[in-house]
Each structure stands twice: as structure tokens, then as C-alpha cells.
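Visitor: generate coordinates for the sequence data below:
(chains A and B)
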There are 2 protein chains.
Amino acid sequence: MLTKNEIKYIQSLFHKKQRDEDKLFVAEGPKLVHELVNSTYVVKHVYATNKWLQNNPDTKVPLTEISEIELSRISNLQTPHEVLAIAHQAVHQNEPLLKGRLTIVLDGLQDPGNMGTILRIADWFGVQQIICSNDCVEIYNPKVVQSTMGSITRVSCWYKDLNEWVKKIDVPVFGALLNGKNIYTVGKTQEGLVVIGNESKGIREPLLSIITDPVTIPKVGGAESLNAAVAAGIIVGCLVNNH
Amino acid sequence: MLTKNEIKYIQSLFHKKQRDEDKLFVAEGPKLVHELVNSTYVVKHVYATNKWLQNNPDTKVPLTEISEIELSRISNLQTPHEVLAIAHQAVHQNEPLLKGRLTIVLDGLQDPGNMGTILRIADWFGVQQIICSNDCVEIYNPKVVQSTMGSITRVSCWYKDLNEWVKKIDVPVFGALLNGKNIYTVGKTQEGLVVIGNESKGIREPLLSIITDPVTIPKVGGAESLNAAVAAGIIVGCLVNNH
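Guide: Numbering: from 1, shown residues only, chains lettered A, B, ... in the order given. Below you'll find the predicted structure:
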């Protein structure tokens, strides 16, 4: 049974202000909650229907059993799905290590769906860290969390003031520009930054100036651009897999 | 000046039932309307603000000047943008030609954003035709139209009963399956179907049985799957660009 105050509080976590204040976030659905509970994230509380509890009898986190109707009152999804978890946001003890690995850098990425999809892409291709400019959409935005399909538990994200951060870069920097090298002919790459630009403005300063390896996805037809997440998937996929 | 009936009618075109009945659709914003007016689509009527009319003085289609407030009443966008057009849906005189070219086949694709993004991918890589199973999201859904960013004017889409249609296929059929050939090592390909499956169920029968060239996007990390549009971008990009 949920109190009015509990319902109100959970709903407040769908707003960035409250999330920032309490350093918490919400994740929904059996797959995502399963991955969260089995990750390094600290789950604060799980609100679950009887069906979920029966399928997950050994879950070792604070739990409240709720009805389907109660779930629909606290859920942010059109079709609520068995379970909702509140978890603590990740706290990074370390700075990202750039040597010897690929890192995705997002420059003002705005769309929550794109952000979540890029976390999935990173996770698929084994890229374990993402640097976001401070004006990117927040990774704990509920739409981002849901669209990562669980990859949020395996990819670390840092938000940075890029003006300061770019001064320390000592690895190759790949970015999609006109007249770059054909991405399908760039060799396999084990170290560097892959910069993905804003959906309408592309890559901006200060990142633009530090690109050492401009790349291009060759265009045959009439489209003006590719979706940012699709471009990320093509570029990262090629760097990891080309011969 | 718009009448109540005009407003009501334009709004009704945001529902599939009315679109199907009248074989019309709605497109919004200067870029999309510009591409539509300069395409093979027949534009029935344009509703435009004074600003748009001043920037497009020579537009040769039936026009009504409206205020910003009137535009916000007929628009389906959160931020209405200068102009809204009603156009006739494409009528195909011919069947798609499969020989000598790449064709994308969508099997039960549900998400409007994915559908629009795949039209953009096709357009970028010069793929000019898409076959959709009858249960795919409709290309004239307003969210699809907007997310194509104009590519809807350059890529032809056919909706088919695939059970009948697959019987006639005589070109290679590529589809992402487990244990297929590494897509990054498949050679450049100028002819064939590229099958993209449903967001959760993947590729289903009858398409599954006609795949001649199973391909795989190698996975390094922990993600269970890639977004359908991202997978489409990677597969089509490789087939068009690999050496």
C-alpha cells in the first residue's frame, strides 16, 4: 500500500530538479530493474506487483508490493510494466581514462531517445565511457533511462565543462566533418575520442578545434544529414570493426 | 482566415482513418514543405504565415495566409513553424524493381521515429525503395513524415502482404541473424533486399525463410540488441560502402 506522500515523491523524481537534489533516478520494467539490481548501482527501493515478486523471489533490496493500479499511479510509462525502482545516481571516484580505449564525446546532444540509443551503441561495441558536454540531456531523464534498455548499467557517463576538459586531450579525436576520410576505409582503432555533435548544429567549439581525424560517412542520395545516433552507430562500428 | 470547418478538417488528418479515406497527409515546417512542393508529390493546399510567404514568393500551389495563432490551432507540433501543407499520398503506377539495386524491407516496424529515421538512412545511402509489411507503422503518420526530414519525397514505399510477395523474390536477401557473416567483411553489394525486423520480435516468417545472406553486427559488450534504425544504418552503410 502506497501513501499519498510516497506517490507524490516518486512522481517528483520525474522532474530534473528533484533528481538533482536527491541524486536519485527512476527505472521501470522487469528487464531494466533486473539489470539495475545486478549492477554497481545502489537501488534504494523497488515497488513491484505480485507477479514480479513471484518471478524475482531473491531480490535483496528494500521492497514494497503494490497493485497494478498503484503502479499506474507512480509510473511514467504509457503501459506500466510490473515494477519501478528508485536508484542512486552513479558517483564517479575517478576521471575517465582515455589512453588505450575508445570514448564517445557528446556535444550538446538534446534528444533523450538519441542519448539512450547511443548508450546502447556504446554498450554493444564495448565502449565503456561517454563524456557529455554540460548542455547535453541528462542521462537520468526517464526517457533516456528507459531507452538505454539496461545499457545505462554498463556505460559510465561524465558531464564536463568541455572548455577546460579539451586542454588535457592527448589521444586521437575522430569527428564527422565534410571532406573527412571515408569512415569505411579508416583502419581499426583502439584509442581515441569519437565526437558526436548536436542534432542541428553538429560539432561546435571547443571540440571542433581538437579534431585530429575528420571522418565522413559517404553520401549517395539527397538526405541532408543522418540522425545523430545512427551516425554514432556507423562511426563507432567502423572504428571497432574495420580491417 | 480559417473557418472552424477547415480547422476541424486539418486536425482530422492527424488520424489514420481520415488519411486513409482521403488519401492525403500533412507535412509541417519550411524545410519539409519546400521539399514537398519541389517533389513529385501533389500538394493540395499550403497554410502559411506571412513570414513564410515573404520567403517563398513564387510557390505555385493553392495558398492561404494564416496568423501564428491560427497555425498553432492546426499544427501537430509542440513548436509550430511557419507553414503546414496538405498533400496527396503517392500512388504507385509500378511494382518495385528489385534487380540491380538495393531495397530495404521492413518487417512489422512499429516506431514512427524509427520509420522516419530509416527513410533518411535510405535516402542518404541512395536506396530509393522500401517495402513495408502491412503491419508496419504508416509512412503518412505525422511523426514519420516529420522525422524523415524531407527524405519522404525521395524514397518510395510500398505496403505489401509479404506472404504473397516473397514468392517472387529472385535477388539476394540480407538479414541480421545470430551467427551470420560479419557485416564489416561482406563485400560491396549492388543488388538485394535488406530485411530489418520488428523492434522486439526481429525478423519473422515469411521473410526469415527467404534470407540467403545472414549477416551479423559483431557484439563486444553487454547490450542485448541495437535499435532497429541504427542496425539498418550500419547494415545498409556497409553493403553500399565496403570494399
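
Visitor: which helix or which strand is home to the nearest residue to A:Asp213 once chain neighbours are set aside?
Guide: In space, A:Asp213 comes closest to A:Phe174 once its chain neighbours are excluded; the distance is 4.7 Å by C-beta to C-beta, 6 or more residues apart in numbering or on different chains. For the C-beta atoms, the positions are set from N, CA and C on the backbone; glycine is no exception. A:Phe174 belongs to strand A:173-182 when assigned by DSSP states H and E.

Visitor: what is the subsequent helix or strand relative to that strand?
Guide: Per DSSP H and E, the helix or strand that comes after strand A:173-182 is strand A:192-196.

Visitor: re the thing from before, surely the residue nearest to A:Asp213 meets A:Leu207?
Guide: No - between A:Phe174 and A:Leu207 there is no contact under C-beta atoms under 8 Å: 11.0 Å.

Visitor: can you pull the residues that touch both of those two?
Guide: A:Val195 (C-beta atoms under 8 Å, 6 or more residues apart in numbering or on different chains).

Visitor: which residues in chain A form helices?
Guide: Counting by DSSP state H, chain A has helices at residues A:4-12, A:16-22, A:30-37, A:50-55, A:68-74, A:112-124, A:142-147, A:162-165, A:207-210, A:228-241.

Visitor: next, the angle from the longest one to helix B:228-241.
Guide: Using axes from the mean of the first three to the mean of the last three C-alpha atoms, to 10 degrees, the inter-axis angle of helix A:228-241 relative to helix B:228-241 is 50 degrees.

Visitor: pull the contacting residues for A:Lys23.
Guide: So A:Lys23 contacts A:88-89, A:91 (C-beta under 8 Å, 6+ apart).

Visitor: domains in chain A, by residue range?
Guide: Following automatic domain parsing, chain A resolves into domains at A:4-88, A:102-241.

Visitor: from those domains, which stretch is densest packed?
Guide: domain A:102-241 (a mean of 20; mean count of other C-beta atoms under 10 Å in any protein chain shown).

Visitor: how long is it from one end to the other?
Guide: 12 Å (C-alpha to C-alpha, to the nearest Å).

Visitor: avg pLDDT for that domain?
Guide: The pLDDT scores in domain A:102-241 average 96.

Visitor: can you lay out the helices of chain A as TSV showing distance to chain B?
Guide: What follows is the helices of chain A, written out as TSV (distance: least, C-beta to the nearest C-beta, whole Å):
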stretch	distance to chain B
helix A:4-12	22
helix A:16-22	18
helix A:30-37	8
helix A:50-55	18
helix A:68-74	21
helix A:112-124	4
helix A:142-147	8
helix A:162-165	24
helix A:207-210	22
helix A:228-241	4
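
Visitor: can you list the ones you listed in CSV and add distance to B:Ile118?
Guide: CSV is the format used below for the helices of chain A (distance: least, C-beta to C-beta, whole Å):
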stretch, distance to B:Ile118
helix A:4-12, 35
helix A:16-22, 31
helix A:30-37, 24
helix A:50-55, 34
helix A:68-74, 32
helix A:112-124, 13
helix A:142-147, 17
helix A:162-165, 32
helix A:207-210, 28
helix A:228-241, 9
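
Visitor: gap between the nearest residue to A:Pro62 once chain neighbours are set aside and chain B?
Guide: The shortest distance from A:Pro62 to any non-neighbouring residue, by C-beta to C-beta, 6+ apart, is to A:His45 (4.8 Å). Distance of A:His45 to chain B, computed by C-beta to the nearest C-beta, to the nearest Å: 25 Å.

Visitor: tell me the contacts of A:His45?
Guide: Here A:His45 is in contact with A:61-64, A:85-86 (C-beta under 8 Å, 6+ apart).

Visitor: can you pull the contacts of A:Gly222?
Guide: A:Gly222 neighbours (C-beta under 8 Å, 6+ apart): B:123, B:150-151, B:154.

Visitor: just to be sure, which of the residues you listed are found in strands?
Guide: Among these, none falls in strands (DSSP state E).

Visitor: so A:Val186 touches A:Thr216, yeah?
Guide: No - between A:Val186 and A:Thr216 there is no contact, the gap being 9.9 Å when judged by C-beta under 8 Å.

Visitor: returning to that earlier point: how much space between the residue nearest to A:Asp213 and A:Asn182?
Guide: 13 Å (C-beta to C-beta, to the nearest Å).

Visitor: common neighbours of these two, please.
Guide: Joint contacts of A:Phe174 and A:Asn182 (C-beta under 8 Å, 6+ apart) are A:Val215.

Visitor: A:Ile74 - nearest residue in space that isn't next to it in sequence?
Guide: Nearest one to A:Ile74, counting by C-beta to C-beta, 6+ apart, is A:Ile10 at 4.4 Å.

Visitor: out of the contacts of A:Gly222, who's nearest chain A?
Guide: Nearest to chain A among those is B:Asp123, at 3.9 Å by C-beta to the nearest C-beta.

Visitor: measure that closest one to A:Glu224 for me?
Guide: 9 Å.

Visitor: could I get the contacting residues of the residue positioned nearest the centre of chain A?
Guide: Residue closest to the average C-alpha location in chain A (C-alpha atoms, centre = their mean): A:Leu119, at 4.1 Å. Counting by C-beta under 8 Å, 6+ apart, A:Leu119 touches A:130, A:139, A:144, A:148, A:151-152, A:155, A:157.

Visitor: redo the residues you listed as JSON lines? Include distance to B:Val240.
Guide: Listed next are those as JSON lines, based on distance: C-beta to C-beta, whole Å:
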{"residue": "A:Ile130", "distance to B:Val240": "28"}
{"residue": "A:Ile139", "distance to B:Val240": "33"}
{"residue": "A:Val144", "distance to B:Val240": "31"}
{"residue": "A:Thr148", "distance to B:Val240": "29"}
{"residue": "A:Ser151", "distance to B:Val240": "27"}
{"residue": "A:Ile152", "distance to B:Val240": "32"}
{"residue": "A:Val155", "distance to B:Val240": "29"}
{"residue": "A:Cys157", "distance to B:Val240": "32"}
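
Visitor: of these, closest to B:Asn38?
Guide: A:Val144 (36.7 Å; C-beta to C-beta).

Visitor: which of the contacts of A:Gly222 are close to chain A?
Guide: Among the contacts of A:Gly222, the residues that sit close to chain A (C-beta under 8 Å from any C-beta of the partner chain) are B:123, B:150-151, B:154.

Visitor: I'm done for today, thanks for sticking with me.
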